[in-house]
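1. Return a 3D structure for these sequence lines:
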Amino acid sequence: MGKTKPDIQKIYAQGNEGDLKRQVEAVLKHYPRLMFWPNNTGSVMRYGVRVKYGHLGSGDFLGLIAPSGRMVAIETKTKKGVQSPDQIKFQREFEAHGGWYILCREMDDLKPLLEVIK
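-> Modelled structure (predicted):
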């Protein structure tokens with residue numbers, strides 16, 4: 001018997017973007033047709049050298065839908081959050097290459113994806 005999928009109607013993202021990210025991750029892990037991972041970007045100092053990682057502007061989560069292999073990017077924002085110019089550029093390029101970009105401000109924004117991967 002598999003894991004019971006959470007009812008996203010009962011999940012409400014209050015507060016900050018970090019809360020929403022945790023809730024998105026908690027829901028997506030119940031859908032085996034979606035291979036996904038958190039996608040961090042930034043930089044660190046290593047041996048006196050700044051090392052950058054990740055793709056500037058890319059989504060908070062990236063994933064692949066089975067069996068099609070279509071790629072998904074999910075960017076989480078609070079209801080008042082604004083995409084940066086780099087995030088807007090990434091979204092345009094990602095969609096132009098056939099990717100599915102989701103700007104997730106609340107859990108209901110995941111419904112179209114969850115319908116596809118159920």
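2. pLDDT wise, what is Asp7 at?
-> Looking at Asp7, its pLDDT stands at 56.
3. got it, and Glu17?
-> Reported pLDDT for Glu17: 89.
4. Wait, it touches Lys77, no?
-> Yes. Assessed by C-beta atoms under 8 Å, Glu17 is found in contact with Lys77 at 6.4 Å. From N, CA and C alone the C-beta is placed, and that goes for glycine too.
5. low-scoring pLDDT stretches of the protein, where are they?
-> For the chain, the stretches with pLDDT under 70 are 1-15.
6. ok, which stretches of it are strands?
-> Assigned by DSSP state E, the strands in the chain fall at 34-38, 42-46, 49-53, 61-65, 70-76, 100-104.
7. Please identify the deepest-packed of these.
-> Comparing the strands of the chain by mean neighbour count (mean count of other C-beta atoms under 10 Å), strand 70-76 ranks first with a mean of 21.
8. Show me what that strand is packed up against.
-> Strand 70-76 sits against helix 17-28, strand 34-38, strand 61-65, helix 85-96, strand 100-104, with contacts defined as 3 or more C-beta pairs under 8 Å, 6 or more residues apart in numbering; DSSP states H and E.
9. Quick check: which of the ones you listed is nearest to Ile117?
-> strand 34-38 (4.8 Å; C-beta to C-beta).
10. Can you tell me the strand partners of the closest one and which way each runs?
-> strand 61-65 (antiparallel) (DSSP bridges).
11. on that earlier part again, mind putting the helices and strands packed on strand 70-76 into CSV with distance to Lys111?
-> CSV is the format used below for the helices and strands packed on strand 70-76 (distance: least, C-beta to C-beta, whole Å):
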stretch, distance to Lys111
helix 17-28, 11
strand 34-38, 14
strand 61-65, 15
helix 85-96, 19
strand 100-104, 10
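12. how about those, which one is nearest Tyr53?
-> Closest among these, using C-beta to C-beta: strand 34-38, at 12.5 Å.
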